[in-house]
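1. coords below, sequence missing:
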């Protein structure tokens, strides 16, 4: 059939297996073309293509409920549920997001999600609702092997099976997380694959599930047979699919980590469409930590499943050896483990995208801060130039973490300050520190950055009068541009780098009391952030304080320049305030 | 031996088994006397008495490292590690906390902890540090069966075994959480107990552990033999102890949930030393939800392992039937499941102590708020009159949750407003709501509380001029007392109940612009809270804004009245500001 005729899953239900195979081939061609042209989650979508066709062939969405973990493998799901043109028509490529999205498809996309390990828990709520309402339909939670190491996935699996009713967990085991998997659970999955599911030791069975193994998870016949066996099951069941990440695209099959997610690329060679030799803060971070490891045996880097995103590409992991620890997708474990290491005099540095460190709030507070263990945390992709999907925003880290007692939250403004703050965070003995990695183009500044950040106050970058701009982290260049615009109007603003998001330098702030205006700029949500603390501190002063920053909202796929403009974060708009 | 002669574990190492049995009997007598006189975690400490003696008999702390999950079972550990007098001398009962505490014993208490499911992760950091340093000693993580349902425990178990080195997990299986266990994992533990550890289906083995079962976990001989078998093991091993919660105290063995934690009681009858018939907000909550369930089949109450703490005592759980869901200690699951239920038109209400909801920050943000699913969350023991151990503080909920976009955070001031806000949160269709249960004595107020909290602004409780007191939630009575003190000085303050912790009523705030002074009172940490938002909003107004509330700190076992005084939260101190 012509894939453009597929408007809903009903349109594929009459196909024969041979026709489905043809359909899968056509879908793959379209998918590869779009992935190569636009980029996206290459490996997850290609590897789950056949399984998606089989799910929609056997189950009856939207009556049956499908929940996809992370939902970065749902391009084919979107193609089969009314959004084909977003894949076949280059002019419409931008009309769908990379994740399930109820705004796009209220019937077929049940949740907006993008963090891992949530599908089983979310689906358990659907199943409970169904049971209480006395209804009958299938609830299917799809989850990848990588996501199984996350605590929420375990909590979901452990509890959902106690409902005792229809609950189908499809484990998409492609033997990879973003990078390699970590955790003993993966030995068990390997045992199950080796024994074609027959091994007695079976993680899923110990959590109350019937278990079905599909040896070729990219074979439509096997998949359809398996899903038919579990459809309308009256209890919890796991269908364990052995799939191939990147299936059908040789470069993606061969370079699984590289093609987990890729920008636009040449489908034949795998070469990136655009090569960017510009300096990058993730490289700066990883190189610096590796250099520190060479001279200091106490330095240990930890990540939770995202080594490449923090600069630890495979060669660097090999170089770091047993002092680079990927705990798998398990941010709680990463955080608590760092506390234990710091307790013993080691210098652990936990490196995570800001959006994922959200998963360890309680561990930051309890396991780390209350104990005062001097672990370092380094976040990435915080702020407006970080990831821009609503599920991956990095600008709530300041309200979340800077208000936890005992964690010093540092916001470097340039490469030099970043490196100095990293060293400070590593070597500090009296408590935990978070360093927020700058985003955007690398900024170079001259100055004295090798200072004691436990006692240093704010940095006065430019001394002026009457008007002050306190510009944190990434926003220092913006503050300096705004100052330049003010100078053009005859003003002489003071520009301050506050260095900290978690505390005030009252002595410096006191020098601003008789100013006319103080403007704070922060690359994070204003509510709960630094500016409001400064405004409160200067509440009784002559100075009016205006707090600028990012909104308390979940904008989806925003354009950074547009969001900045909307928030008044342009040099001109800031200068106009004075 | 005289137990008062025990100054460290070395003092028991020469004892024979018979002498150890005598010692255990003496320890139990002392323990029961103190528990009955002072209250505490009765069941956990009595059930783990023999295991603690055996751990210290076989292992060599502090060279060997012991980490106790929750650490509410460490009274005997404290008795054997230099703190006996805190148990034998009533005058010294107050000299130790109820949890491990490095301030008390830097050598033997490695972490301050009180939340569940953290011991394995923390211990994995110790083990990694040991391995990197090339040292040899035992790392032992103790964890209860109830704590195993928490995601962090799974993440820890899954990863720690990959270290491949000595790592001993002692599972204290007393077949109870605080209340009954929930999760299919507990079927596996039951199978293991029934088969004396021989069953092939074994959760711990699937996660890479050697496994040893101890059928009588309150028998010193069996325990010592088992610990000797695993001491100096060169890989990960689980020792699964079948223990009896409350062992040796008949009332505690018979009423396991009642005696998980108890205030002072009569050891023979179990009767509480003090009976309190005063109204209690947990009762008010549970009664109201039960009443709502009777007329509305969509109402579902959810808790994560703490039903009694939110008023759902066994009789009420029975009455609610399948519309009360205890997911076990699994706050992430509770939160995401609620999102799924709300998605289907149900009215889930998740009831949790504020300190434990910290464990679901990312789920509140991702699974709930981004999706806008109208689940209700009700927290307990928030604020200064909540729990006062540093690990159980309830006053960071406002900075943590009120800054998440899309969650309406309500702070009721009295019984009547609490009930109205609960109803609003349950019935609301357009987004999630958090209602913070008041603490302290129940407050009664007259007024119109059955209003639409999506559009209502602040409540002006007393209209005055020049000075305003914005007093949130629990602190409204304090604000009214402060107003009375101001009136005695001839002032006529305006008193406002802001109702919300998450948004501003700009129209009402605008009426205060030309006031002389605005004082905000909030029963939570000021940093990141409501007052700073108000101070920022009124930054350019004539009014000075002073923000009062709780500190950004982890005070341990504070006295509420002293903390309030220290923070200037007395009627007199507040009145003096005007």
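-> In hand now; what should we look at? The structure displayed is predicted, hence computed values, not measured ones.

2. remind me, longest strand of chain A?
-> Secondary structure assigned by DSSP state E gives strand A:517-525 as the longest strand of chain A.

3. Let me see the mean pLDDT of it.
-> Regarding strand A:517-525, the rounded mean pLDDT is 98.

4. Show me what that strand pairs with in its sheet, parallel or antiparallel.
-> strand A:467-471 (parallel), strand A:544-550 (parallel) (DSSP bridges).

5. for chain A, what's the longest helix?
-> With DSSP state H applied, the helix covering the greatest number of residues in chain A is identified as helix A:17-38.

6. roughly how far out does that one sit from the chain middle?
-> Taking C-alpha atoms, centre = their mean, to the nearest Å, the mean C-alpha location of helix A:17-38 is offset from the chain mean by 28 Å.

7. Same question for stretch A:405-414.
-> That offset, for stretch A:405-414, works out to 21 Å (C-alpha atoms, centre = their mean).

8. same question, stretch A:564-571
-> Distance, centroid of stretch A:564-571 to centroid of chain: 25 Å (C-alpha atoms, centre = their mean).

9. ditto for stretch A:520-529
-> Put simply, stretch A:520-529 sits 20 Å off its chain's centre (C-alpha atoms, centre = their mean).

10. By proximity to chain B, which residue of the stretch 251-400 of chain A wins?
-> Closest residue of the stretch 251-400 of chain A to chain B, C-beta to the nearest C-beta: residue A:340 (1.9 Å). Backbone N, C-alpha and C define where each C-beta goes, glycine included.

11. OK, contacts around that residue?
-> Residues in contact with residue A:340 (C-beta atoms under 8 Å, 6 or more residues apart in numbering or on different chains) are A:373, B:121-129.

12. Among those, list the two that are farthest apart in space.
-> With distances taken as C-beta to C-beta, the most widely separated pair in the contacts of residue A:340 is A:373 and B:127, at 15.4 Å.

13. Give me the more crowded residue out of the two.
-> A direct count of neighbours by other C-beta atoms under 10 Å in any protein chain shown for residue A:373 and residue B:127 places residue B:127 higher, at 28 against 25.

14. does the more buried one really touch residue B:162, like I thought?
-> No - assessed by C-beta atoms under 8 Å, residue B:127 is found out of contact with residue B:162, at 10.8 Å.

15. Write out the residues of the stretch 451-578 of chain A neighbouring chain B.
-> A:525, A:527-528, A:531-533, A:535-536, A:538-540, A:544-547, A:551-554 (C-beta under 8 Å from any C-beta of the partner chain).

16. How many neighbouring residues does the spatially closest residue to residue A:49 that is not a sequence neighbour have?
-> Excluding the flanking residues, the one nearest residue A:49 by C-beta to C-beta, 6 or more residues apart in numbering or on different chains is residue A:76, at 5.0 Å. Using other C-beta under 10 Å, residue A:76 has 24 other residues around it.

17. How much space separates residue A:76 from residue A:70?
-> With distances taken as C-beta to C-beta, to the nearest Å, residue A:76 is found 15 Å from residue A:70.

18. With residue A:206 instead?
-> Taking C-beta to C-beta, one finds residue A:206 at 25 Å from residue A:70.

19. Do you have the helices of the stretch 351-500 of chain A handy? List them.
-> A:354-357, A:361-362, A:397-401, A:415-427, A:476-488 (DSSP state H, counting those that start in this stretch).

20. can I get these in CSV with mean pLDDT and mean neighbour count?
-> Output for the helices of the stretch 351-500 of chain A, formatted as CSV (pLDDT from 0 to 100; neighbours: other C-beta atoms under 10 Å in any protein chain shown):
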stretch, mean pLDDT, mean neighbour count
helix A:354-357, 98, 27
helix A:361-362, 98, 24
helix A:397-401, 98, 27
helix A:415-427, 98, 21
helix A:476-488, 98, 20
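
21. what's the pLDDT at residue A:568?
-> Residue A:568 carries a pLDDT value of 98.

22. Assign a three-state SS to it, would you?
-> What DSSP: H, G, I helix; E, B strand; the rest coil gives for residue A:568 is coil.

23. and the residue nearest to it when sequence neighbours are not counted, how many residues sit next to it?
-> In space, and not counting its chain neighbours, residue A:568 is closest to residue A:548: 5.8 Å by C-beta to C-beta, 6+ apart. Around residue A:548 there are 23 other residues, counting by other C-beta under 10 Å.

24. May I have the beta-bridge partners of residue A:548?
-> With DSSP bridges as the criterion, residue A:548 is bridged to residue A:521.

25. Now do the contacts for it.
-> So residue A:548 contacts A:519-522, A:526, A:531, A:567-569, A:574 (C-beta under 8 Å, 6+ apart).
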